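Enquirer: Return atomic coordinates for the entry below.
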Amino acid sequence: MKKKIRETFLNIRKNKYFQLSNKNKTFIAKQIKSICINKNINYLGFYYPINYEINIISVIVRLKINKIKFCLPVIEKNNKMIFKEWKAREPFSINRFGILEPNKINKIVKPQIILVPLIAFDKDKNRLGYGRGFYDRFLNKVNKKKNILSIGIAFSFQQVSRVPFEKHDKKLDYILTEKRVF
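Expert: Next up is the predicted model:
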């Protein structure tokens, strides 16, 4: 069931990707900025967009909050995900999946908010990712020690009636689309 939903929504996202306007990006940026200010955030974790995910980097540069530092996920050899600090215009490294990451020398940090990519989501804030479980494992591990706010970033058309949910899957705290916050 998950595989079929993944295939369907990857194709839909590819076909509708360019429908996100600057107005939509501004809405997403304003929502993220509001949450960061209200929660007094120092480190905001986000993802480098792949496969027609919302280009969160173009949204992040609109934030203009001086005290916030940014961090991106890094996948280590043991498939453990960590976050490392990243500054705008800083060069990237390429990981074994072909995804851009901060340089190996960058400092490991613990984000207070993580913007999470997804393929599909439901009204209960369940997410369907690529199936490797990096975000589920990371959030399950760190939330035992420190509460990290997780916000799924998606297009509104990625909503489904129900995402199949398994024991190891981690619900998100919010889902943010170009139209609304769930």
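
Enquirer: In the protein, what helix or strand scores lowest on average pLDDT?
Expert: Lowest on mean pLDDT, DSSP states H and E among the helices and strands of the chain sits helix 56-60, with a mean of 81.

Enquirer: Relative to Asn103, how far out is the residue positioned nearest the centre of the chain?
Expert: With distances taken as Cα atoms, centre = their mean, the residue of the chain nearest its centroid is Val116 (1.9 Å). The gap separating Val116 from Asn103 is 23 Å, by Cβ to Cβ, to the nearest Å. All C-beta atoms are positioned from the backbone trio N, CA, C, and that covers glycine.

Enquirer: Repeat that for Ile94.
Expert: For Ile94, the distance to Asn103 - Cβ to Cβ - is 11 Å.

Enquirer: the more surrounded of the two?
Expert: More neighbours surround Asn103 than the other of Ile94 and Asn103, with 13 against 9 (other Cβ atoms under 10 Å).

Enquirer: Wait, a helix at Asn24?
Expert: Yes - judged by DSSP: H, G, I helix; E, B strand; the rest coil, Asn24 forms part of a helix.

Enquirer: Tell me who's in contact with it.
Expert: Shown in contact with Asn24 (Cβ atoms under 8 Å, 6 or more residues apart in numbering): 178-179.

Enquirer: ok so, going back, show me what the helix or strand that the least confident helix or strand of the chain is followed by is packed up against.
Expert: Using DSSP states H and E, the next helix or strand after helix 56-60 towards the C-terminus is strand 69-75. Here strand 69-75 touches strand 43-45, strand 81-86, strand 100-101, helix 134-145, going by 3 or more Cβ pairs under 8 Å, 6 or more residues apart in numbering; DSSP states H and E.

Enquirer: The same query, at a cut-off of 10 Å, please.
Expert: Applying 3 or more Cβ pairs under 10 Å, 6 or more residues apart in numbering; DSSP states H and E, one finds that strand 69-75 contacts strand 43-45, helix 56-60, strand 81-86, strand 100-101, strand 108-109, strand 113-117, helix 134-145.

Enquirer: quick one, what contacts Ile35?
Expert: Going by Cβ atoms under 10 Å, 6 or more residues apart in numbering, Ile35 touches 41, 44, 113, 149, 151, 173-174, 176, 181.

Enquirer: Looks like Leu100 contacts Ile75 (just checking).
Expert: No - Leu100 lies out of contact with Ile75 (Cβ atoms under 10 Å); the separation is 11.6 Å.
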